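In: here is the input, now give the coordinates:
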Amino acid sequence: MPDFARRLLLFILLGALIPGWFSARPASPQRILAGLEAIPCASYISNAPETLVPSGEAQMPTEQARPTGMFDLAAQEMPAPYTLRWRIGVGIPDGNPHLFDWMSPRPGWYLNWSTNPFAESAAGEETLGMEFVPMIRLVDNGLQPGLATIYRQAQARPGMVWLVGNEPDVRWQDDATPEEYACQYYRAWRTIKLADPTAQVAIGGISQVTPLRLRYLDAVRASYTEQFGGPMPVDVWNIHAFILREQAGEWGVGLPPGFDDATDGLLWDVADHDDLGLVEAQARAMRAWMAERGERNKPLIITEYGILMLPEAGFSPARVIEFMVGSFDLLNSLTDEELGYPSDENRLIQRWVWFSTRYYLYPAGDLFTTEGIPLPPLRALSGYIRAHSE
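Out: Sure, this is the predicted structure:
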């Protein structure tokens, strides 16, 4: 074959192979993130006022008072998985655990409604002895933080549990229709797993487990399948376990976005707010829902619960402590051989978070004063861990 013909044949072969090689190469993380950024998730904005408790907010401060100092806390080991301290967590609206003078032992984990831990490195958290669980928020223009930041944070701290959203079913929280939440969850899940395949991703906690809220979750899962062609991947299921009214225009959590015509909301009253029987019923209802959908072999956590009603409604410190201690007894002992998590002795709930260290709108359940000094509920919490730890 003449040289010219051989060269021409070689050029033809290269021309056929090179495009195929480029198309077969794995896409770079930057290209994948750019593709995820370009997904057009519909945005829904309710502009609903917060009306969680029936009365008393007019007398409350208009914003959270600034903490007054930082505390040097003695080092404490991280809790071993499935121990009592590992199970008990706390929400910290102020963000940094060092703003509070913790008694020993401390809860084993915390969240602060953001992806920003107090410490610049995992070593700082290990000294504190409290595992940080980051939370991505849904906001008007997408996700907070953005995908590039999520990717960078997940790469920097592998193996974390990520919460995608906070009460997307509540109009003054993350306020998302099922279609919007499914789309944003996909973007967050793909980003986290791209950065850290060892990470676990949890769905955002619905405010409470009721027939109406479970319908919302079913709609989320159905929309995810419709939009992305497969079942919604969830490593850890997550709920809140409040006891609040589900009625448009009334106190409580209202109707989920996209469910304006719903008529099956539960009309719980103020007196029901600390009913441990209703907390147990929510745990069982969620586990039954999971089992019916092939999700039994997944952990179930509660990332927010506690007392939101004001002291003026009868929720004294003694009543708060009675509910807290009773809930610890309940959540630590709930098992079911047909519904529970097999890897955790068939317990229904693996971990839970008390609300909160302190928050100006709902102070009855506060663990600390503005100055970071322990209140009676914190003493009860630490005393419980100390008395009941294995």
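In: what are the boundaries of the strands in the protein?
Out: Listed in chain order, the strands of the chain (DSSP state E) span 88-91, 109-111, 131-132, 135-139, 142-144, 161-166, 200-205, 237-240, 300-306, 351-355.
In: partners of the fifth one in the sheet?
Out: Strands adjacent to strand 142-144 in the sheet, as given by DSSP bridges, are strand 135-139 (antiparallel).
In: just the CA coordinates of the partner strand, formatted as CSV?
Out: Taking C-alpha atoms only, strand 135-139 is exported to CSV below (Å, rounded to 0.1, in the frame of the first residue of the first chain):
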residue,chain,number,x,y,z
MET,A,135,-27.7,20.6,56.9
ILE,A,136,-28.3,22.1,53.5
ARG,A,137,-31.1,24.5,53.3
LEU,A,138,-33.6,25.2,50.5
VAL,A,139,-33.9,28.9,49.7
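In: shaky segments in the chain?
Out: 1-26, 55-60, 390 (pLDDT under 70).
In: any figure for the gap between the residue positioned nearest the centre of it and P49?
Out: By C-alpha atoms, centre = their mean, the mean C-alpha position of the chain lies nearest to L163, the distance being 4.1 Å. Per C-beta to C-beta, to the nearest Å, L163 is found 25 Å from P49. Glycine gets a C-beta too; all of them are placed from N, C-alpha and C.
In: now do S327
Out: 29 Å.
In: that older thread, okay but the residue nearest to the centre of the chain is in contact with A202, surely?
Out: Yes: using C-beta atoms under 8 Å, L163 is in contact with A202, at 5.0 Å.
In: what is in contact with those two at once?
Out: 238, 303 (C-beta atoms under 8 Å, 6 or more residues apart in numbering).
In: need the contact list for the residue nearest to the centre of the chain.
Out: 111, 133-136, 202, 204-205, 238, 303.
In: again, only this time at 7 Å
Out: L163 sits next to 111, 133-136, 202, 204, 238, 303 when contact means C-beta atoms under 7 Å, 6 or more residues apart in numbering.
In: quick one: E179 and S223 touch, right?
Out: Yes: between E179 and S223 there is a contact under C-beta atoms under 7 Å: 4.7 Å.
In: excluding its backbone neighbours, what's nearest A219?
Out: P178 (3.7 Å; C-beta to C-beta, 6 or more residues apart in numbering).
In: with R221 as the reference, measure out to that neighbour.
Out: 8 Å.
In: more neighbours: these two, which one.
Out: P178 (24 against 17; other C-beta atoms under 10 Å).
In: tell me the contacts of the more buried one?
Out: Here P178 is in contact with 216, 219-220, 223, 258 (C-beta under 7 Å, 6+ apart).
In: any idea how far it is from E63?
Out: With C-beta to C-beta as the criterion, P178 and E63 are 32 Å apart.
In: please apply the same query to G205.
Out: For G205 relative to E63 (C-beta to C-beta), the value is 24 Å.
In: what of Q247?
Out: 28 Å.
In: looking at the two, which is more packed in?
Out: Higher neighbour count among Q247 and E63: Q247, with 17 against 8, using other C-beta under 10 Å.
In: the more buried one and L266 touch, don't they?
Out: No: distance between Q247 and L266: 8.9 Å, which falls outside the contact criterion (C-beta under 7 Å).
In: related to what we said a few turns ago, buried subset of the contacts of P178?
Out: Listed as buried from the contacts of P178 are 216, 219-220, 223, 258; burial here means 16 or more other C-beta atoms under 10 Å.
In: follow-up on the earlier one: just put the strands of the chain in JSON lines and tack on distance to A283.
Out: What follows is those, written out as JSON lines (distance: least, C-beta to C-beta, whole Å):
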{"stretch": "strand 88-91", "distance to A283": "16"}
{"stretch": "strand 109-111", "distance to A283": "19"}
{"stretch": "strand 131-132", "distance to A283": "22"}
{"stretch": "strand 135-139", "distance to A283": "21"}
{"stretch": "strand 142-144", "distance to A283": "29"}
{"stretch": "strand 161-166", "distance to A283": "18"}
{"stretch": "strand 200-205", "distance to A283": "13"}
{"stretch": "strand 237-240", "distance to A283": "8"}
{"stretch": "strand 300-306", "distance to A283": "8"}
{"stretch": "strand 351-355", "distance to A283": "10"}
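In: closest to G340 out of the ones you listed?
Out: strand 300-306 (9.1 Å; C-beta to C-beta).
In: ok, the closest one: who's next to it in the sheet?
Out: Counting by DSSP bridges, strand 300-306 is paired with strand 237-240 (parallel), strand 351-355 (parallel).
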